[in-house]
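Engineer: predicted model and sequence below, questions to follow.
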Amino acid sequence: MTRIASRDDWLTARRALLAREKEHTRARDALAAERLALPRVRIDTPYRFETREGVTDLAGLFAGRSQLMVYHFMLGPGWEAGCTGCSFLADHFDAMLPHLEAHDVTLTAVSSAPLAGIEAYRARMGWRFPWASSAGSSFNRDFHVSFTEAELASGAVDYNFRATPAENAARELPGISAFERGPDGAVLHSYSSYARGPEELIGTYMMLDLAPKGRNEANIMDWVRRHDEYETAPAAACCHGG
């Protein structure tokens, strides 16, 4: 139940919360520094991607910049639409592009669906951000976001750096991975995050966290729909918490 207070009582409570918020900000800054200090892993696998501009490798996805962010978007072969949760997150990408690219960072989505399926869904959503198909490549499996029926039937899959029960998994799962070009031009993997890890990329959620009723959801993303579906029945969210 909402508590009604005097302005003075509100200021006392707000100042106490501000102290906690500052603690959180400092802890977040320290965590970011630890993230930057992670060692790198050289990527030697000749991954193949199909893009609007043609076939390329992982180095080609950098588009001439020194840093690359890959969003592992849940859109598999034969799917008519991408994951609702991934679509919610990706709605925020286009506005980021000029700022990231000016800061020497390329952002691209990668999915296991063929390029034709990606382009059909991109057209429906009206998105501009780069999006590549990893079909025919081991990229998605090597980065633990695509799984075979046999792997799921085994009872658990390697997701989010741990054995995840198959009932909490699917053929495709979300995540984000970061890469940089080394001094010798080598592609180096610096970071990956899965499940709710990339949640701070969802600016809508960050705004809702400041709103009077917060996220106002019984289960994560239970209210979220693709942006062209808000006049229809809600779709079940297909991304997993963790």
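Structural biologist: Noted; the coordinates are in hand.

Engineer: per-domain residue ranges of this protein.
Structural biologist: Following automatic domain parsing, one gets these domains for the chain: 7-36, 41-201.

Engineer: so for residue 211, which of these sits nearest?
Structural biologist: domain 7-36 (15.2 Å; CB to CB). All C-beta atoms are positioned from the backbone trio N, CA, C, and that covers glycine.

Engineer: tell me the mean pLDDT for that closest one?
Structural biologist: In this model, domain 7-36 carries a mean pLDDT of 97.

Engineer: same check on stretch 138-156?
Structural biologist: Averaged across stretch 138-156, pLDDT comes to 96.

Engineer: can you pull the buried residues of it?
Structural biologist: 139, 140, 143, 144, 145, 146, 147, 151 (16 or more other CB atoms under 10 Å).

Engineer: what about that stretch, start to end distance?
Structural biologist: Stretch 138-156 has its terminal residues 19 Å apart, counting by CA to CA, to the nearest Å.

Engineer: gap between that stretch and the chain center?
Structural biologist: Put simply, stretch 138-156 sits 18 Å off its chain's centre (CA atoms, centre = their mean, to the nearest Å).

Engineer: could you do stretch 206-223 as well?
Structural biologist: Counting by CA atoms, centre = their mean, stretch 206-223 is centred 18 Å from the centre of its parent chain.

Engineer: next: stretch 9-27.
Structural biologist: Stretch 9-27 has its average C-alpha position 29 Å from the chain's average C-alpha position, going by CA atoms, centre = their mean.
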